[in-house]
Structure formats: C-alpha cells, structure tokens
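[1] Dropping a prediction and its sequence here:
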Amino acid sequence: MNQEKFLRYRQEYPEFYYRKVEMEEQEEFYLFRYFFEIPTLKEFHPTIKIWKKEIKNQDQEYIFYLAYQIGLVELLSYWKCTCSPKIIVEAGSLEEKQIAWLSKLYYWGLGEFRYVNGISCEMSSWVEIESRGTTKEVSLSYEGKGNLIAIGGGKDSAVSLEILKNEENTCFMINPKGPGIECMKIAGYEDYLSVERKIDPELLALNDQGFLNGHTPFSALVAFLSYLCAYLTGRKYIVLSNEGSANEATVLGTNINHQYSKTYEFESDFDWYAKIYFHLDIEYFSMLRCLNELEIAMIFAHYPKYHQAFKSCNVGSKEMPWKWCCHCPKCLFVFLILSPFLKKEELLSIFGENLYEKEELLPTFLELLGYAERKPFECVGTTGEVRYAVMQAMKEYKDTYLLKYYQEHYPLEETIDYTKAFNEEHHIPPHHLALVKEELQKYVS
C-alpha cells in the first residue's frame, strides 16, 4: 500500500506550517484566507467566505479568533499530503490541553485515511504539534437565542427542520447545493447563511501527482464553522442532525469510523473544547442523537413533500443536477432503510429503479449487513438496523435478487425492534428532546 510512501514523505517533508490567517471584511461577506506551507514543496491559500445574511454580532477581534481556530481543522486537508511528523502553528497560540485535543482529532479523524492507504502508525508518533504564535484573549458579553440548523440536503436535516418548524431558526449551508436549498424552501425558509469553502488548486495538483490523499473529518470543520456562524447570527443552539447510529465503527471491531466527527464522542469532545476556548454560551449538539437511522427513516417517510427533493448520494452530488446514482453504497443504504416504510411505487419514484434487483450491488449489500470485514466508507446505519430493515422489507421485496440471495445464504435472524430503540447518550437540551420524543411517538405503533 502506501506505507513506504508515507515514511518517505515524512522524511523528505518533516514540517508543516500554519503560518497565518488573514481576514477581509466587505459589505456583503467576510473572507478568511489561510496560509499553510510544506517547505520545499508547496504553499496553500484556501479561503472561506461567509455571506452577511441575518448577521447580528460583528466583534472583529472575536471573529478573527474563531477564524484562526477554524484553520486548525482546515489544515488537515493539506497536511495529509505528506503527513509531516511536525505541525508548527505560527498563526496563534495553543495550550497543552488544546494540543492534546487536536492530536486526538488528527489521529482518529484520519482513521479511514490510514486504513485505506495501508498506513501503520501509533497515535503517540502520528504528529507533534508545536505552538509558536500568540493569541489575544477576547472577552464578550453574549446572549443568544434560537437555533442555527445545519442543512445538508439529506433526510436527516429535513427531519430536524420539521421538528423545529415552530421555533426561531436560521439555516446555514456550506457550499450550498440544490437539494439543500430546495429542502430548506420546502420547510418555509427563503434566506440562509451561506459559507463558501474553496480548496486551493495546489492541493488538487498534488493529488494528481500521487501524494497521499483520502478522507478527512469534514464534520469537525462543520463544528468549528457553525460556532462562528452561530455567533454572527446571535443563535444559542447549533443543531446538527447526526444520529446515534454514527457511533458504530466502519471497520468492525476497531475504532476506525468514517463518521468519527459525527459520533457522540466527538460531539462531547467539541462541547468541552468550545466551553473552554470559545467562551460563549452557545450549545452544540445533534438533534437526532437519541434516534437511529431506522427511526429517522420512519419519521421521514411521513414527510412526502421532501421525497423528490432530498439527496444524499455523494457520487450524484458531483453532477448537475444532483441525483441518485443508484450504484453506490449510500444509494443502496437509503433505499433499504426507507423500504419498510414506503410503498414500492413511492420508493421507486424517488430512485427510478429497484435497487434490490441490482446484482452488482451484492458486495455492498453484504457489507451493509455486516457480512464483510467492514461496512462501506459512507454515512450509513448499523448492521443491526440494516438487517432489521431488510427483514421488514421481505413481504414486499422477497422475490428480488438481493433479498433472495440473503434468504438462501444467511440466517434470517430475529432482531430487536429498532423503531422502538432510544439512545440515552446525547447532549440534547430538554426542550429540544421533548420535541423529538413527541415527533417519534406519532409514528411508533
């Protein structure tokens, strides 16, 4: 695999620098430009632009402070090219506890990256973080109210939008695409806070040259960005739509999880970090953490107004318009998790074809069921939920290729009723939790 390349790059490029961040304020937006460097290889200057809609708070020093913090996660996309053994932060200062926190994120957030690239490295030697900068302490009085809701365009954020439809809300999206905008409009929102993140083309050039590449913890970047957006819009609650199912490892029996930065563990870690270093009374949590993917699908099935609008296929997101490709693990997972709750004609009207009939999806099907070394590296539910969903779909789809194969080769196990499960590990505030429970009870028989 890439272990030899990994060791060679670490020797050739021993240091990665986070030089600085620059902030530019225009009438319509804030622009943050980051300066990263791998000496003797490349300099990188990615940008993040936040459009000024529904802005209420604009303390320049505090905005700049959070922009610096965002760079501590943004840098991972560039550092991973060489996995330099030392990251030197000149843009600001870091305490020892911050360094320990970041070291954990950098290691487990890149767990999939290491696995796919065949990289073996212990956490203790993964990366050394050295702080050489200074940071000015910023003290603010702040009283937020209402919710900042992160919108992605899939079924989960649509469920959060519906549950919170009578609350005071602001929607926000990173690099907005059609399904997210359409779902938001269906929910009754015309305006939203838009964040535009631009990758430096120099990174793409290195990828083309064969430098190390792979998955980074994007949801961790969402967490940091959402805190700045919550401050700008005067919101008290940052509402994500990550479910309890995200806690299950992708590589079964390990801690390697495609969804690491969507887990309860990361959510708890970020809650601690924000309280210590961001200094404002803003709460970050997942509205759906108490539910699993199957329960969310059950609820979403009762929202037909979103059924033609929502999309969560990553392959299809690269096309215009965004579509379901019907060949990838994400498409198959969403198809099967909805199959117990929608009539066949309703499900086929969403996807355009019956994915249970696609023979080429058999390896993916077995991965989702847990009959392989790992699940697909996608945001999918637990193997238990998948097996339960398939069992419930047997009446309608038992004569399809995938379900016949399942019946002929694997035991049809009795499983717990995942539509009646409830995850008690969450950070959902009491008022929001009551709303989730009320919505769930409408559909539990």
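    In hand now; what should we look at?
[2] how about the strands in the stretch 51-200 of the chain?
    Residue ranges of the strands in the stretch 51-200 of the chain, as given by DSSP state E, counting those that start in this stretch, are 86-89, 128-131, 147-150, 169-174, 193-198.
[3] To Leu288, which of those lies closest?
    Nearest to Leu288 among the strands of the stretch 51-200 of the chain is strand 147-150 (11.7 Å), distances taken as Cβ to Cβ. Where you see a C-beta, it was placed from the backbone N, CA and C, and this is true even at glycine.
[4] hang on, the earlier thing: name the stretch among the strands of the stretch 51-200 of the chain that sits most buried.
    For those, the largest average neighbour count (mean count of other Cβ atoms under 10 Å) is found in strand 147-150, namely a mean of 25.
[5] still on that earlier bit, format the strands of the stretch 51-200 of the chain as TSV; extra columns: distance to Asn255 and mean pLDDT.
    What follows is those, written out as TSV (distance: least, Cβ to Cβ, whole Å; pLDDT from 0 to 100):
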stretch	distance to Asn255	mean pLDDT
strand 86-89	22	98
strand 128-131	21	98
strand 147-150	25	98
strand 169-174	26	96
strand 193-198	28	97
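[6] who wins for proximity to His302 among those strands?
    Here strand 147-150 is closest among the strands of the stretch 51-200 of the chain (Cβ to Cβ), at 19.5 Å.
[7] other SSEs contacting the closest one?
    Judged by 3 or more Cβ pairs under 8 Å, 6 or more residues apart in numbering; DSSP states H and E, strand 147-150 is in contact with helix 155-163, strand 169-174, helix 218-233, strand 237-240.
[8] could you dump the second one to PDB, C-alpha only?
    Which is strand 169-174. Output in PDB follows, covering the C-alpha atoms of strand 169-174 (Å, rounded to 0.1, in the frame of the first residue of the first chain):
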ATOM      1  CA  ASN A 169     -34.300  29.300  13.400                       C
ATOM      2  CA  THR A 170     -31.500  30.300  11.000                       C
ATOM      3  CA  CYS A 171     -30.400  27.700   8.400                       C
ATOM      4  CA  PHE A 172     -26.800  27.500   7.300                       C
ATOM      5  CA  MET A 173     -25.100  25.600   4.500                       C
ATOM      6  CA  ILE A 174     -21.500  25.100   3.400                       C
END
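[9] If you count contacts, what does it end up packed against?
    Using 3+ Cβ pairs under 8 Å, 6+ apart, strand 169-174 is in contact with strand 147-150, helix 178-186, strand 193-198, helix 218-233.
[10] who does it pair up with?
    strand 147-150 (parallel), strand 193-198 (parallel) (DSSP bridges).
[11] Can you say which of those strands is nearest to Phe16?
    Across the strands paired with strand 169-174, closest to Phe16 is strand 193-198 (Cβ to Cβ), at 19.7 Å.
[12] In CSV, list the C-alpha atoms belonging to the closest one.
    Extracted as CSV, the C-alpha positions of strand 193-198 are listed here (Å, rounded to 0.1, in the frame of the first residue of the first chain):
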residue,chain,number,x,y,z
LEU,A,193,-26.4,31.8,5.9
SER,A,194,-24.1,30.6,3.2
VAL,A,195,-20.5,29.5,3.7
GLU,A,196,-18.3,29.1,0.7
ARG,A,197,-15.2,27.0,1.2
LYS,A,198,-12.6,26.9,-1.6
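[13] from the middle of its chain, how far away would it be?
    Computed by Cα atoms, centre = their mean, to the nearest Å, the chain-centroid distance of strand 193-198 equals 15 Å.
[14] is it true that Trp322 touches Gly316?
    Yes: between Trp322 and Gly316 there is a contact under Cβ atoms under 8 Å: 5.5 Å.
[15] Disregarding flanking residues, what is the spatial nearest neighbour of the spatially most central residue of the chain?
    Note on the chain: the residue nearest the mean C-alpha position is Ser219, at 3.6 Å, using Cα atoms, centre = their mean. Using Cβ to Cβ, 6 or more residues apart in numbering and skipping the chain neighbours, the partner closest in space to Ser219 is Ser261 (3.7 Å).
[16] okay, Ser139: pLDDT?
    According to the prediction, Ser139 has pLDDT 81.
[17] Could you check how far it is from Asn292?
    Counting by Cβ to Cβ, to the nearest Å, the gap between Ser139 and Asn292 amounts to 41 Å.
[18] In terms of packing, which of those two has more residues around it?
    Shown here are Ser139 and Asn292; by other Cβ atoms under 10 Å, Asn292 has more neighbours (27 against 7).
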